[in-house]
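Enquirer: Build me a model:
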Amino acid sequence: MKRFLAIAVVLGASTLAFAQSVPRGADFGWGPMRWAGGLFGAPYAKAEAAAIKSELGSKPLGELSLDQLTPYWNRMEVAVEKDRYLASTTFMSLGMPGAGQFRNGDALAGAGFLGLHLGVIAGTLTGFYFLLPADLRFDRMDYLHNSMASIGDTWRSHSIADFLPSVGIMVAGALVDAGVRVWSARSAYEGAKSAIDTGKVHFEPIATPAFLGMGLRF
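Expert: Numbers count the residues shown, from 1 in each chain. Got it, this is the predicted structure:
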């Protein structure tokens, strides 16, 4: 327990030593979903729109009655919901590798990607710690009992060059983790598409042109 706390203190001290303010204003909420259709190509909506256009030919939509229009409306709603499912599942695995696979019902792949993600993080943090200058490690400094002033003095006594190996391993770990996230996201996308195409995930419209909404059944 003492060793774990000491490592945590070391990592915290390094964060404080090199911390910078994070720019504000980026949308990390549902904003990405607004352009997900453009990012993933909206395959189902595009295919459905092309099919409907082919069926209608040159007949204007304005000439259709409500009863004639409703089936086309519902088909497009289902297609759009399929594309939203693809996008949201992909973003789940991009944010937390394995999450999209778990949603698709592929627990083995989900556990694999999650384990790989956690392994990269653990390896990066371990490498960061052991590449620190020797006098900053917990076997040479008592982070739990030394004063913050003395700890700070020890950290500041080192040059930037002394921290380059640790910073390098952090950068390398971040790049590897980014690759894992992209790999997991792509796999989740393919898994979601397969689940939709095979009927494992089923979408059912509950709407008419006068009432927008969707039903999703698993």
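
Enquirer: buried set for the top helix by length along the chain?
Expert: Taking DSSP state H as the assignment, the helix of the chain that covers the most residues is helix 160-197. Within helix 160-197, the residues that count as buried by 16 or more other Cβ atoms under 10 Å are 163, 166, 169-170, 173, 176-177, 180-181, 184-185, 187-189, 191-193, 195-196. From N, CA and C alone the C-beta is placed, and that goes for glycine too.

Enquirer: Next: stretch 48-66.
Expert: For stretch 48-66, the neighbour count (16+ other Cβ under 10 Å) marks E48, A49, I52 as buried.

Enquirer: Mind giving me the packing neighbours of the longest helix of the chain?
Expert: helix 2-18, helix 66-95, helix 99-103, helix 107-130 (3 or more Cβ pairs under 8 Å, 6 or more residues apart in numbering; DSSP states H and E).

Enquirer: now that helix: mean pLDDT?
Expert: What helix 160-197 shows for mean pLDDT is 95.

Enquirer: Past it, which element shows up next along the chain?
Expert: Counting by DSSP states H and E, the element after helix 160-197 in chain order, helix or strand, is strand 202-205.

Enquirer: So for that following strand, what gets flagged as buried?
Expert: So strand 202-205, judged by 16+ other Cβ under 10 Å, has buried residues F203, P205.

Enquirer: Now do the contacts for Y44.
Expert: V78, A79, V80, K82, D83, L86, I196 (Cβ atoms under 8 Å, 6 or more residues apart in numbering).

Enquirer: Who wins on neighbours among the residues you listed?
Expert: Neighbour counts for these (other Cβ atoms under 10 Å) peak at L86, which has 26 neighbours.

Enquirer: State the distance from F91 to E81.
Expert: 15 Å (Cβ to Cβ, to the nearest Å).

Enquirer: Next up, the contacts around the residue nearest the centre of the chain.
Expert: Using Cα atoms, centre = their mean, the residue of the chain that lies closest to the mean C-alpha position is G95, 1.7 Å off. Each residue near G95 by Cβ under 8 Å, 6+ apart is listed here: R181.

Enquirer: Spatially nearest residue to R103, not counting backbone neighbours?
Expert: T89 (5.5 Å; Cβ to Cβ, 6 or more residues apart in numbering).

Enquirer: scratch that, A192 is what I was asking about
Expert: Leaving aside its sequence neighbours, A192 sits nearest to T89 (Cβ to Cβ, 6+ apart; 4.1 Å).

Enquirer: Wait, the one you found touches G105, no?
Expert: No. Look at T89 against G105 with Cβ atoms under 8 Å: they stay out of range, at 11.1 Å.

Enquirer: of the two, who's got more company?
Expert: Neighbours per residue (other Cβ under 10 Å) separate T89 from G105, with T89 holding more: 25 against 13.

Enquirer: I'd like to know how far the residue lying farthest from the centre of the chain sits from Y72.
Expert: Going by Cα atoms, centre = their mean, the residue of the chain most distant from its centre is E63, 44.6 Å out. When distance is defined by Cβ to Cβ, E63 is 13 Å away from Y72.

Enquirer: ditto for P165
Expert: For P165 relative to Y72 (Cβ to Cβ), the value is 62 Å.
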